[in-house]
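Peer 1: here's my sequence, what's the structure:
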Amino acid sequence: MLAITLLLPLAQVAMVMAAPASDANTNVARGDSGCYSYANPDCGIDGTYCLCANGNFYLFNHATESCNPPWAYVTNSEASLPGSHC
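Peer 2: Take a look at the predicted model:
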């Protein structure tokens, strides 16, 4: 009886821990930076940058070929990107 009393709560904890967290924010869980790749060659912007949810531009991460995570801060406006003439 003592073994059942000890094992039952442990089994319940194990089942809860194994269940997926359906209400968890999946963007944060996978490390999503909230940034996406941005290029505008029509305005003279040479290369690809990361435009993030906060409105700032960062260097594109060529190691991961994505913006997760972005690299160094560049500017907070498209007009300030190198080569921009729009």
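
Peer 1: N56 is in contact with T75, isn't it?
Peer 2: Yes. The pair N56 and T75 passes the contact test of Cβ atoms under 8 Å, sitting 7.3 Å apart. Every residue, glycine included, has its C-beta placed from N, CA and C.

Peer 1: list phi and psi for C50.
Peer 2: phi -110, psi 130 (degrees, to the nearest 10).

Peer 1: now for N61: which residues touch it?
Peer 2: Residues in contact with N61 (Cβ atoms under 8 Å, 6 or more residues apart in numbering) are 50, 67-71.

Peer 1: again with T48
Peer 2: Contacts of T48 by Cβ under 8 Å, 6+ apart are 37-39, 60.

Peer 1: give me the below-cutoff pLDDT ranges for this structure.
Peer 2: 1-31 (pLDDT under 70).

Peer 1: one more time with 90
Peer 2: 1-34, 46, 64, 68-70, 86 (pLDDT under 90).

Peer 1: in the protein, mark out all the helices, start to finish.
Peer 2: Along the chain, the stretches classed as helices by DSSP state H are 2-18, 26-29.

Peer 1: report the buried residues of stretch 35-42.
Peer 2: Neighbour-count burial for stretch 35-42 flags 35, 38 (criterion: 16 or more other Cβ atoms under 10 Å).

Peer 1: residues touching it, excluding its own?
Peer 2: Under Cβ under 8 Å, 6+ apart, the answer for stretch 35-42 is 45, 47-53, 57-58, 60, 66-68, 70, 78, 84, 86.

Peer 1: kindly export that stretch (C-alpha atoms) in PDB.
Peer 2: Below are the C-alpha coordinates for stretch 35-42, written out as PDB (Å, rounded to 0.1, in the frame of the first residue of the first chain):
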ATOM      1  CA  CYS A  35      12.800  39.400 -37.300                       C
ATOM      2  CA  TYR A  36      12.600  38.700 -41.000                       C
ATOM      3  CA  SER A  37      14.900  39.100 -43.900                       C
ATOM      4  CA  TYR A  38      14.600  42.400 -45.800                       C
ATOM      5  CA  ALA A  39      16.100  43.500 -49.100                       C
ATOM      6  CA  ASN A  40      15.100  46.400 -51.400                       C
ATOM      7  CA  PRO A  41      17.400  46.600 -54.400                       C
ATOM      8  CA  ASP A  42      15.000  49.100 -56.100                       C
END
